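S.K.: Based on what follows, work out the 3D shape:
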Amino acid sequence: MGMAAETQFHVLAVDDSQFDRKLIERLLKISSYQVTVVDSGSKALEFLGLYEDEERNSNPASVSPRHNLRQDHVEVNLIITDYCMPGMTGYDLLRKIKESESLKDIPVVIMSSENVPSRINRCLEDGAEEFFLKPVQLSDVKKLKPHLMKGRYKEETDHQFNSNKRKSIEEIDSSTDRTRCRYNDELSTDSS
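M.R.: Model (predicted):
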């Protein structure tokens, strides 16, 4: 049972409508996803460990890391958000996620009850993986799996890459020290 919990994907669902939040939460849980639901883009950023910078002049991306907001540091594998919400829209949330160095690789799916082709295209062009029309159905939720797998694969390869990169840097550092010593030894013998 512990093994299943480790491989379970965690989805952050964002929607200002309580009815739609309950529906998407139910569909995701039926599909064996761990789900966290919030009712606004700003609460989603807070859950992710980011907050909106009111002054905007201290951080050009207007999003800054804040690590003390989340108590349990839960990894989020996918974000599904409503497009039309008061305050921060789903599109605004998408842009902030994609501008964040630490979150940009999390797949984002937008959902809306309005079928507006220009809006759909803009979201997809700016990094959304999918655009679902509401009401979201179980068949839509099944389309999430490839995006989750791609995100998991990217995390694993990035971790391997960073680990290998760290080893390479350590090797270069140690070989650079030896090279400097040889070079310095040659200089001291040449100048004598």
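S.K.: going forward, measure contacts between C-alpha atoms and count neighbours the same way
M.R.: Will do.
S.K.: Show me the shaky parts of the protein.
M.R.: Within the chain, the stretches with pLDDT under 70 are 1-7, 51-73, 151-192.
S.K.: so after the helix or strand hosting K96, what's the next helix or strand?
M.R.: Counting by DSSP states H and E, the element that carries K96 is helix 90-99. Beyond helix 90-99 on the C-terminal side, the first helix or strand identified by DSSP H and E is strand 108-112.
S.K.: Paired strands for that next one, with orientation please.
M.R.: Applying DSSP bridges, strand 108-112 is found paired with strand 78-82 (parallel), strand 130-133 (parallel).
S.K.: So what sits opposite I79 in the bridge?
M.R.: L12, V108.
S.K.: Tell me how many other residues crowd it.
M.R.: Residues lying near I79 (other C-alpha atoms under 10 Å) number 23.
S.K.: One more: F19?
M.R.: 10.
S.K.: Next, it: secondary structure please.
M.R.: Assigned by DSSP: H, G, I helix; E, B strand; the rest coil, the conformation of F19 is helix.
S.K.: quick revisit: pick the most buried one from the strands paired with strand 108-112.
M.R.: Stretch with highest mean neighbour count among the strands paired with strand 108-112: strand 78-82 (a mean of 26; mean count of other C-alpha atoms under 10 Å).
S.K.: for P135, phi and psi?
M.R.: The phi and psi values for P135, taken as degrees, to the nearest 10, are phi -70, psi 140.
S.K.: ranges for the helices of the chain?
M.R.: When assigned using DSSP state H, the helices of the chain occupy the ranges 2-7, 18-30, 41-47, 90-99, 117-125, 138-142, 145-190.
S.K.: hey, C-alpha coordinates of the fifth one in CSV?
M.R.: Extracted as CSV, the C-alpha positions of helix 117-125 are listed here (Å, rounded to 0.1, in the frame of the first residue of the first chain):
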residue,chain,number,x,y,z
PRO,A,117,-10.7,29.6,-30.3
SER,A,118,-8.4,32.6,-29.9
ARG,A,119,-8.4,32.0,-26.1
ILE,A,120,-7.7,28.3,-26.6
ASN,A,121,-4.9,28.9,-29.0
ARG,A,122,-3.3,31.6,-26.8
CYS,A,123,-3.2,29.2,-23.8
LEU,A,124,-1.8,26.4,-25.9
GLU,A,125,0.8,28.6,-27.5
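S.K.: Show the contacting residues for the closest residue in space to R21 that isn't next to it in sequence.
M.R.: Leaving aside its chain neighbours, R21 sits nearest to D15 (5.7 Å; criterion: C-alpha to C-alpha, 6 or more residues apart in numbering). If you count contacts by C-alpha atoms under 8 Å, 6 or more residues apart in numbering, D15 has them with 21, 37-40, 81-82, 85.
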